Structure formats: C-alpha cells, structure tokens
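Participant: Sequence plus predicted model, see below.
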Amino acid sequence: EPEVTQTPSHQVTQMGQEVILRCVPISNHLYFYWYRQILGQKVEFLVSFYNNEISEKSEIFDDQFSVERPDGSNFTLKIRSTKLEDSAMYFCASKRDILNYGYTFGSGTRLTVV
Amino acid sequence: AQSVTQLGSHVSVSEGALVLLRCNYSSSVPPYLFWYVQYPNQGLQLLLKYTSAATLVKGINGFEAEFKKSETSFHLTKPSAHMSDAAEYFCAVSDKSGNTPLVFGKGTRLSVIA
C-alpha cells in the first residue's frame, strides 16, 4: 500500500537554527498538508498546498515557516529560526483529490528544540 | 468554526472488554467525522469515517462508531478489546466541501490489560 514517507523520524536542533522537515507524498496525490502536535495537545493544522502554492494556512504558520515542493516528489517544511515552542511532532499528509476522506498521513518527525 | 472534544486522555480496559472512546463535535455545518489511530512510531491511519450516509459506521479491526446528531457525538466502540488495539486514537471533523482542513481532538491513549 502506498505510503507517505517522512524524514528524519527525530531531529534535535538548537534554538535559532533552521530546520527542514522532509516528506515524500504518494505519487499521484495532488493536495499536501502539514500538521503538528505539541506533546499533550491537539493535532493542529499548519498549511495546505496545491498546484505549487499555499491554499490555506493557519495562524501558527507565520513568517518563520515556509513550504516547498522543489522537485515534484518532495514536500518540505522549513522553520527558519526555531524556538523552544516549535518542539512538536510534525505530520505530513497528502490526498489525491479534494474529497476529505482520502488523507494519507506520514509517521511524523519529532522535532526537539533545545 | 469546528471543534472536537475527546473525553478522557487515557482509557484502560481489560482484554476482551468493551472499548468506548468518546468524541463530541461542534460544527455550524453538516460535518464529516473521522477516527484515526496511531500505533507507536507509525503515522495516523484512518479507522473509519462518517460522510452522511449510514449513521452507524463500521471500520477496520472491528471498530465502529455511531453518528448521533442530537447528541453531537461520534463515539468509537469495539465489543472486545485485543492487546493489539493499544494505541492513540484521534477523532477529527471537517465539512463536506473538502476545502477545509481536518480539525482534530487531543487524542485518547488506549491501554489494554491482559
């Protein structure tokens, strides 16, 4: 069964450093998403991406965040200057069409900012 | 705006006992409702979904959920717990358009005792 692949599974970074979280969505999927879960809190929507542009973003997704689909297969989330409060599990998801029940999630990247 | 409340961050049941995980939603429009499961070190996997067809929805691994509009609930049940059911369970809500992102609850960790 096709999978969404996320790398790395765990990343530790120093506060103020840039990090790039990587995702490989399912190949025929057109809609891409990033969600995050701070420990003990809800899974929160960050951003959706379609047709090479952001289609929606949450209040969390401020100027320090950016997303890119650089080569037609990878989908990346960049945090420019990490803060302690960015420590969370970050999930990538993709779906083939607009209907909401087609999401496939990756296994997540646990980001720890020290 | 939509929201989900999952009652109980941790539920513990004996093997063979009934599993009941509670989810209440708030939505100003007819909702689509989902249950996802996350096993350790894995991604979010769709268990079942309600998309305005039958109110009793059957999913994978023997789980089912019933949509009750009058109670704004979508509780997840399984008649007999198995050790392999131990995982984190997330309830999520969206609308029918497919344009809005999933809104998740905080999750409920299910432990199964032998």
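Facilitator: That came through, no problem.

Participant: Is it correct that residue B:84 falls within a helix?
Facilitator: Yes - under DSSP: H, G, I helix; E, B strand; the rest coil, residue B:84 falls within a helix.

Participant: Provide a list of residues in contact with it.
Facilitator: residue B:61 (CB atoms under 8 Å, 6 or more residues apart in numbering or on different chains). (Glycine included, C-beta is placed from N, CA and C.)

Participant: roughly how far apart are it and residue B:60?
Facilitator: 12 Å (CB to CB, to the nearest Å).

Participant: What of residue A:11?
Facilitator: From residue A:11 to residue B:60 the distance is 31 Å (CB to CB).

Participant: Show me which of the two is the more surrounded one.
Facilitator: Under the neighbour definition other CB atoms under 10 Å in any protein chain shown, residue A:11 and residue B:60 were set side by side, and residue A:11 has more, 16 against 10.

Participant: wait, the more buried one sits on residue A:111?
Facilitator: Yes - at 5.4 Å, residue A:11 and residue A:111 qualify as touching, with contact defined as CB atoms under 8 Å.

Participant: what is in contact with the two at once?
Facilitator: What both residue A:11 and residue A:111 touch, as defined by CB under 8 Å, 6+ apart, is the set A:19, A:21.

Participant: List the contacts of stretch B:17-26.
Facilitator: If you take CB under 8 Å, 6+ apart as the criterion, stretch B:17-26 is touched by B:1-8, B:11, B:13, B:31, B:33, B:35, B:63, B:65, B:71-81, B:85, B:89, B:91, B:93, B:105, B:108, B:110.

Participant: show me which of the residues you listed neighbour chain A.
Facilitator: The residues of these that also fall near chain A, by CB under 8 Å from any CB of the partner chain, are residue B:105.
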